[in-house]
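J.: model the structure of this input:
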Amino acid sequence: MLTYIKESIEELRNNVTWPSRAEASNLMVVVAVFSILFALATWGVDTVFSKLVQLYFNNVLN
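T.: Numbers count the residues shown, from 1 in each chain. Okay, here's the model as predicted:
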């Protein structure tokens, strides 16, 4: 396990190309925007299905 951790750290230092601070900031904004849009879409679909289920059961029970 210790060897694995040492090799992982070595690979991160030597073989990984890290983005610049500006590029990382831009990517963070893109991820945040898509996360918010996906959350809103999920909320919208959940709301629609909730209303449909309520309508169905209100019609079945009455």
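J.: for the protein, what spans make up the helices?
T.: With DSSP state H as the criterion, the chain has helices at 2-14, 21-61.
J.: the ones you listed into a markdown table, with extra columns for mean neighbour count and mean pLDDT?
T.: In short, each C-beta sits where N, CA and C put it, glycine included. Shown next, in a markdown table, are those (neighbours: other CB atoms under 10 Å; pLDDT from 0 to 100):
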| stretch | mean neighbour count | mean pLDDT |
| --- | --- | --- |
| helix 2-14 | 9 | 94 |
| helix 21-61 | 10 | 96 |
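J.: tell me how far Ala41 lies from Thr47.
T.: 11 Å (CB to CB, to the nearest Å).
J.: kindly report the same for Glu23.
T.: 36 Å.
J.: what's the answer for Thr17, then?
T.: Taking CB to CB, one finds Thr17 at 43 Å from Thr47.
J.: can you list phi and psi of Pro19 for me?
T.: As for Pro19, its main-chain torsions (degrees, to the nearest 10) stand at phi -70, psi 160.
J.: what's the burial count for it?
T.: 10 (other CB atoms under 10 Å).
J.: right, and it touches Leu27 too?
T.: Yes - counting by CB atoms under 8 Å, Leu27 is a contact partner of Pro19 at 6.9 Å.
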